[in-house]
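Trainee: here are the coordinates; sequence isn't available:
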């Protein structure tokens, strides 16, 4: 019976040694996994810090871009206003040009009428000059006849 107990104890001892070895291997495995997890955590922390810096940089760039966009929109609005003013001035100049063209036509027509009147008056003057000359000659002849009589 003592032999049986000894064998039983030896088997239990061997089993405990085997369990201890298995647990030691499990501890090594878990420790290795823990170290790997810590390295991964540290790597992820570094990546997070890098991403935080990039995010901060992108946020600053976004702010600068938004400022530039606001300035560009201001310039666009200003140019749009200038374009509208220029278009209005252009339309006004076209209207003034049309009015001046009409005025030129009117003045040209009046000039042509004045030239026609001038030419008519010139012809009438020449006719009157001829009549005057004729009358002067007739008067001279009459005066000669009166003097002779």
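Mentor: That came in fine, so what should we check first? In this text, all values refer to a predicted model and were calculated from it rather than measured experimentally.
Trainee: going forward, measure contacts between C-alpha atoms and count neighbours the same way
Mentor: Fine.
Trainee: number of residues surrounding residue 136?
Mentor: Per other C-alpha atoms under 10 Å, the neighbour tally for residue 136 reads 12.
Trainee: dihedrals phi and psi, it?
Mentor: phi -60, psi -40 (degrees, to the nearest 10).
Trainee: what about it, distance to residue 147?
Mentor: 16 Å (C-alpha to C-alpha, to the nearest Å).
Trainee: again with residue 27
Mentor: Distance from residue 27 to residue 147, by C-alpha to C-alpha: 171 Å.
Trainee: who has more neighbours out of those two?
Mentor: Higher neighbour count among residue 27 and residue 147: residue 27, with 12 against 8, using other C-alpha under 10 Å.
Trainee: what about the more buried one, which SS state?
Mentor: helix (DSSP: H, G, I helix; E, B strand; the rest coil).
Trainee: show me the strands in the protein, by range?
Mentor: Using DSSP state E, no strands are found in the chain.
Trainee: report pLDDT for residue 148.
Mentor: In the predicted model, residue 148 carries a pLDDT score of 88.
Trainee: neighbours of it, how many?
Mentor: 7.
Trainee: so what's it up against?
Mentor: By C-alpha atoms under 8 Å, 6 or more residues apart in numbering, residue 148 lies in contact with nothing.
Trainee: and it, how close does it get to residue 79?
Mentor: The value you get for residue 148 to residue 79, if C-alpha to C-alpha is used, is 99 Å.
Trainee: cool, and residue 41?
Mentor: 55 Å.
Trainee: check residue 119 too.
Mentor: Residue 119 is 57 Å from residue 79, by C-alpha to C-alpha.
Trainee: quick test: name the residue nearest the centre of the protein.
Mentor: residue 76 (4.9 Å; C-alpha atoms, centre = their mean).
Trainee: quick check, pLDDT for that one.
Mentor: At residue 76, pLDDT is 97.
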